[in-house]
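Undergrad: Sequence and predicted structure below; questions after.
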Amino acid sequence: MPTILKNVSKEYAQGKKVLDNVSAEIKTGEFFVIVGPSGCGKSTLLRMIAGLTEISDGTIKIEDRVVNDLPPKDRNLTMVFQSYALFPFLSVWDNVAFGLKARQNDAAKIKERVDNALKMVNLEEFSDRKPRELSGGQRQRVALARAVASDAKICLMDEPLSNLDAQLRIKMHQEIYALQRKLGLTLIYVTHDQVEAMTMADHIMVLNDSKIQQVGTPTEIYNHPANEFVASFFGVPPINLMNAKKVSENIALVNKDFEVELAQTIEEENFRIGIRPNQLQVNKADELHANATIKAVEFLGDEKIVHTEMNHGGVISVIVASEAVFDPFESIEITCDDSSKALLFDLDGNNITETQGVAYNA
Amino acid sequence: MKYTKKLILPLVLVLGILAVAIFTSINAVRSQASDKRTEIVFWHEMGGPSEDALEKVVDGFNKSQTKYKVVPKYQGSYDEAIQKILQTHGTSTSPAVFQAFDISAAQMIHSGFTTPVQKFIDQDHYDVSKIAPGARAFYSSNGVQQGMPFNTSQPVLYYNATLLEKYGIEKPPVSPSYSDITRVAQQLYEKSGHKTKGMTVQVYGWLLEQALANSKTSLANNNDGHTGNPTKVDLNNPQTVEFLKWIRENIKSGDFIDYGSGASAGANQTAGFLSDKVGIFIQSSASIGQLTANNTNKLGITYFPHPDGQKANGVAIGGAALWISNDKPKDIQKGAYEFIKYSLKPEVQAQWQKDTGYLALNKDSQKSKILKDLYKKSPESKVPGQQLATAKPNNFNSGILMEGMQLTRQLEEVAMETVYNGGDIGKALDIADKSINENLQTSNRANGYK
Amino acid sequence: MLKTPATSEVASEKKSVSKKKFVFRLNANDKYFSMFFLGPSLLLLGLFVFYPLFKTLYISMFLTDTFGNTTVFTGLQNYVNLISSADFMNSLFVTLIYVLAVTVLTITMGLLLANLASKKLPGIGIFRTLYSMTMGVSVAVAAIFWLFMFNPSTGFFALVSNALKLTPINWLTDPKNAMLAVIITTVWMNLGFTFLILLGSIESVPRSLYEAAEVEGASSSRQFFKITLPMISPTLFFVSTITIIDAFKSFGLIDLITKGGPTNATNMLVYRIYKDAFYSGNYAKSSTEAIILTVIIAFFTLIQFKFLEKKVNY
């Protein structure tokens, strides 16, 4: 049974909307990521699904039940908090057993479930420890085990990995993903980290400014962003967005400096073009042909990022092979040899690329 | 640099202490310089309006003097002051003259810390016959005046004359018996429709002792200590029983209200009396001032009640005496005596009675205009003085010269409370007797008395 | 004293290892130097703690005369007398009752109010201020206020029972009620401080713990007992220790409200010590009582630390 959000809104003070008219369908058993910059309302949305925050408007349906007025405990879900919310005075085992005991399961069942959950997160040996005797990653696992031990099929996670270091985070991504798949959980996962969203999600909801920007698979979101915000939110380094002018039907003058032949015809006189750093080329050029100057070069191992400043203003990043030799202050010419993946936006930021058909447009 | 920093704090502290020391000694020098008179430190326990009246007496003395200057210092309650006096004796903080209350007389005499006033009376050829003999007897042993009575009160019975008139109740005689009071109390309670309780007797050992004095009974052997140090106490005697039975009778018929013990009980019963919640209570004559000033009703006063079928023997005085410490130079002791002499002058005592309700001890005070005016204005304020004058001093009504009276009172009060709360009278008194005698024996042993 | 066998073993092991070095380091110079630092505190402690304590112990083995001088050596007779005196045992008994009642009531009521006030309800700020207000009230003011309330003819309770045509309660003159009155007054006095401390403690419990519990299906009473209580247990321990010691030492209210009466129903140990020494001048007796009280308080504190402290630290 899916979880359905319909026209959900949240208003704390009169007229100050934290969430505006959010609708989405979360399928059973899928890994659903809600992503957005801080302050976009993503945690509020999750807390509304959990029942910890009241809903101002709209309905939330879980497994065909409207749960607007149900207390959290009756929504049959579990939640992992950013702070893990472990009880410091309880052992790992008792922490995991807390919910089961609260729901008055019999002792044998509790033992079985807790032991299983701890095994699943590899914490069997730590069951007698107190949370303060564990490392950050281990605490995170206890929180996971608590969610796993519950028989709820929907699990909410609120930035669960933000307190971990980068390496551990990558490891935990995989573990969470494996757990979700293994148990068939419906996982609703809130993060501000686009990498987390891209690597784990079946579907991503992008929130900004209290509104849904787009809902889609990672591929759709990356390749067919609904608007400039979504395009620039995903991808490292971010997509290059430049002003463009129509020269002829399918030729655009970008940033007054270079011409791009587009894969489609355009109607707008003025529009904006988005090209990802790996779709641009850089060549050394003399003063006459150069349209940009190198500001800095970042070495990433397999490749390099060249940060440039256009002669007519604007900053552009380009990814080049790591063997290429570029130095700061060199004059260069930036070109776009294959513009098939370039994205076009009108001046309001909406995607007007012709191939965008599949994208969700809010 | 580091070293100097470390030194700064101790240095500042030391300098501070020095500064304080210098400043205070300069101050002391200055105050002495401006007033060359010899200072007589006077410890007293008069609080509230009585303190103001006492300061009037001190000011009067200081204005009349070129040689001595009395510095009054308030020491808290009577009870607490005794220990302070005994514990500071022989130190520079001890007073030259102090006020110590009635039941501490034996302790003061035994302490050997005081110079008997008799010594100065003899030197000065002072005529003490003008001073009330009942009061003098209280603070003398073997014919020697030890301390000089100063603030002297009599326990009297107050009643609400206005309420009695209103309900047409015949007022009690000047020297009422227990049953006279029971009659008035019960009538008042019934006729007021139970709105006004008839009477109360505060849980106060002093009142119990006065009931014994008034019925010609001693509490301690050796004539209440007047003919030797007491070795045994007999509280469970027929007269105590009769007194408590009288109270019990009124408790049973519902006209009695119990305000308990202690200072708050005193305040509560006064408040109750002034607001028509209770019609009769027994209290020191020193309360007259307060009871007339704040009273919209007419105040009635009688003598302390006595048992039926016998005449009142008279009650002992309450209050306190002035004593002269013997740890000060002769000159200062002389100054202390001068102050005592001044405080007993007819006009000083008259003003003192008017201000406080304590009785003027000098017979000549009665002739003064101050008291004549007072009696004209409120004739009932004559009653306590009359009671004192009527009673012939004997060993029963001259107080109890026994150490440990404070503890004895506490134990008497426990017995009273037990009875007020329905306990057996004989049993309660037996328990009190046992504890008082144990304490008395221990105290005699500790002090080496035979 | 409170070490478990295991930790003391570890400690002694450590000691033996470092012994050599330690002796080597503490030469004669260092000894003088250490006395330089220890001296002042030893002097102050000796002067103001140990000397009075031993003096009290000494006096308790004598009889004292009117001036407090020790005259007749009696050994432990004073202790025997006290322990066999029904009067003293009554004081001991009422003290224990009082301490127990005051502690239990203060903690439970403080907890109840603090728990209520920690909820986000409209107007809760007013209640918080009201509840914590007794903290700013001095003992004397509180005593006078309650004396007015308890006044048998003009007091609040008397007026209410008159208005309702009930038999008025003799608050301060009936031995049973007097104890209740003193307990009520003390709890009222204690409540402000206890409330504030407990409220602070409750507020500092992370919200997410409650939210997690709510999602996991814990009822609000379960949340209180399974989260709030254990989370604030160190504070509870602190508050209860303070309250117990304070109750044992309670003096001002007793002195102002009942003076130990009626019929010694509220004659707590400390008040008794005061009366025996400063009213009756019986220093031997009151010293003996002081020593007994010291032993009792030490005993209670020991028990608290031994049994409770382990349980409250997480």
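TA: Done, it's in.
Undergrad: now the strands for the stretch 301-450 of chain B?
TA: Along the stretch 301-450 of chain B, the stretches classed as strands by DSSP state E, counting those that start in this stretch are B:318-325.
Undergrad: can you give me the helices in it?
TA: Using DSSP state H, counting those that start in this stretch, the helices of the stretch 301-450 of chain B run over B:330-343, B:346-356, B:369-377, B:383-390, B:405-420, B:425-447.
Undergrad: Tell me which of the ones you listed sits nearest to residue C:256.
TA: With distances scored as CB to CB, the stretch of these nearest to residue C:256 is helix B:405-420 (16.9 Å). All C-beta atoms are positioned from the backbone trio N, CA, C, and that covers glycine.
Undergrad: what angle separates that closest one from helix B:425-447?
TA: Here the directions of helix B:405-420 and helix B:425-447 differ by 170 degrees (axes from the mean of the first three to the mean of the last three CA atoms, to 10 degrees).
Undergrad: near chain B, which residues of the stretch 101-250 of chain C?
TA: C:147, C:151, C:152, C:153, C:154, C:170, C:172, C:173, C:174, C:175 (CB under 8 Å from any CB of the partner chain).
Undergrad: Let me know whether the third one touches residue C:167 as I believe.
TA: No - under the criterion of CB atoms under 8 Å, residue C:152 makes no contact with residue C:167, lying 11.6 Å away.
Undergrad: and those two? which has more neighbours close in?
TA: For residue C:152 versus residue C:167, the count of surrounding residues by other CB atoms under 10 Å in any protein chain shown is larger for residue C:152: 26 against 7.
Undergrad: what pLDDT does the more buried one get?
TA: At residue C:152, the predicted lDDT confidence score is 80.
Undergrad: Is residue A:294 in a helix, a strand, or coil?
TA: Assigned with DSSP: H, G, I helix; E, B strand; the rest coil, residue A:294 falls in the strand class.
Undergrad: typo on my end, residue B:70
TA: Following three-state DSSP, residue B:70 is assigned to strand.
Undergrad: rewinding a little: mean neighbour count, the helices of the stretch 301-450 of chain B: which tops it?
TA: helix B:405-420 (a mean of 25; mean count of other CB atoms under 10 Å in any protein chain shown).
Undergrad: which other helices and strands contact it?
TA: In terms of contacts (3 or more CB pairs under 8 Å, 6 or more residues apart in numbering or on different chains; DSSP states H and E), helix B:405-420 is packed against helix B:205-214, helix B:238-252, helix B:425-447.
Undergrad: Just the buried subset of the residues of the stretch 101-250 of chain C next to chain B, please.
TA: By neighbour count, with 16 or more other CB atoms under 10 Å in any protein chain shown, these hold C:147, C:151, C:152, C:153, C:170, C:172, C:173, C:174, C:175 as buried.
Undergrad: and which of these is nearest residue C:208?
TA: Of these, the one sitting nearest to residue C:208 (CB to CB) turns out to be residue C:147, at 48.4 Å.
Undergrad: what sits against whichever residue of chain A sits closest to chain C?
TA: Using CB to the nearest CB, the single residue of chain A nearest to chain C is residue A:99, 3.1 Å away. With CB atoms under 8 Å, 6 or more residues apart in numbering or on different chains as the criterion, the residues that contact residue A:99 are A:78, A:146, A:149, A:150, C:213, C:215, C:216, C:217, C:218.
Undergrad: Go through those residues and single out the one with the most neighbours.
TA: For those, the largest number of neighbours (other CB under 10 Å) sits with residue A:146, at 30 neighbours.
Undergrad: Not counting sequence-adjacent ones, nearest residue to that one?
TA: Once flanking residues are discounted, residue A:146 sits nearest to residue A:96: 5.0 Å by CB to CB, 6 or more residues apart in numbering or on different chains.
Undergrad: Put together TSV for the contacts of residue A:99, with secondary structure and pLDDT on each row.
TA: Compiled in TSV, those are given as follows (DSSP: H, G, I helix; E, B strand; the rest coil; pLDDT from 0 to 100):
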residue	secondary structure	pLDDT
A:78	strand	92
A:146	helix	91
A:149	helix	90
A:150	coil	86
C:213	helix	92
C:215	helix	90
C:216	coil	88
C:217	coil	87
C:218	coil	87
